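K.L.:
after the sequence you'll find the predicted model.
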Amino acid sequence: MAAAADRIVERLGLAPLPGEGGYFRETYRDAQSTAILYLVVAPDGSALHRLQGPELYHWHAGAPLAFLLLHPDGRVEEVVLGAELAAGQVPQLVVPAGVWQGSRPVGPTGAWSLVGTTMAPGFDPAGFELGASEPLVAGWPAAAERIRSLTGRGGGGRIETRTARRSSP
């Protein structure tokens, strides 16, 4: 991992996020919502996964974060979260419930993206599912290359099974 990313992990008290990849810390939880800080470092990414509730991303710092979104109706959407509005980047992104999502920092190895996510209702580990490459490719063949890069070893080498749970430390 790049030295700058190491410093961010240490300063913010982030921990590895099993299955999905990256580093996180839950910063808020109440009966209605949760919030986390999340750091992704290239070439790794956030592996394709889906949640039972909507997730709102907020860009904070570093490289833009390129998302692949696979909608249940068959649409494929690519969105870049970042600060360069004139380049088409967005500072916030809502990923609706049930949409497969994966992301990777834009840039060379060592590029990092720091984002926050908010969920309301709050994150529930039972509502988190990791994607498997071939079933996703079958459903969204036009995005096969990106899907393969965000699942299995291509998603950061952290995914061993089809499902996993994200929990707070």
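P.N.:
Received, thanks. Model, not experiment: these values are computed from the prediction.
K.L.:
quick one: pLDDT of Met1?
P.N.:
Note for Met1: predicted pLDDT of 71.
K.L.:
ok, now which ones touch the nearest residue to it once chain neighbours are set aside?
P.N.:
Counting by CB to CB, 6 or more residues apart in numbering, Met1 lies nearest to Val41, which is 5.3 Å off, once chain neighbours are set aside. In this view, the C-beta of every residue, glycine as well, is placed from N, C-alpha and C. Val41 makes contacts with 1-2, 5, 22-23, 105, 110-112, as judged by CB atoms under 8 Å, 6 or more residues apart in numbering.
K.L.:
repeat for Leu70
P.N.:
Leu70 touches 48, 76, 99-101, 136, 139-140, 143, 147, counting by CB under 8 Å, 6+ apart.
K.L.:
select only the buried ones of those residues in PyMOL?
P.N.:
Selection of the buried residues among these in PyMOL, burial being defined by 16 or more other CB atoms under 10 Å:
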select buried, resi 48+76+99+100+101+136+140+143+147
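K.L.:
ok, now which ones touch the most centrally placed residue in the chain?
P.N.:
Using CA atoms, centre = their mean, the residue of the chain that lies closest to the mean C-alpha position is Ser46, 3.9 Å off. By CB under 8 Å, 6+ apart, the contact set of Ser46 is 20-22, 38, 40, 101-104, 150, 155-156.
K.L.:
what are the ranges of the strands in the protein?
P.N.:
15-16, 23-29, 34-41, 46-51, 55-62, 65-70, 76-81, 92-95, 100-105, 112-119, 128-130 (DSSP state E).
K.L.:
between those, which one is closest to Val9.
P.N.:
Smallest distance to Val9 across the strands of the chain (CB to CB): 5.2 Å, for strand 23-29.
K.L.:
which residues touch that closest one?
P.N.:
Contacts of strand 23-29 (CB under 8 Å, 6+ apart): 9, 12-17, 34-41, 116, 122-123, 166, 168-169.
K.L.:
just the buried ones from those?
P.N.:
Buried among these (16+ other CB under 10 Å): 9, 14, 17, 34-41, 116, 122-123, 166.
K.L.:
Glu129: which of those is nearest?
P.N.:
Using CB to CB, those come closest to Glu129 at Arg166, 10.4 Å.
K.L.:
tally of neighbours for Arg11?
P.N.:
The local packing of Arg11 (other CB atoms under 10 Å) involves 8 other residues.
K.L.:
low-confidence stretches in the protein?
P.N.:
Scanning the chain for pLDDT under 70 picks out the ranges 153-169.
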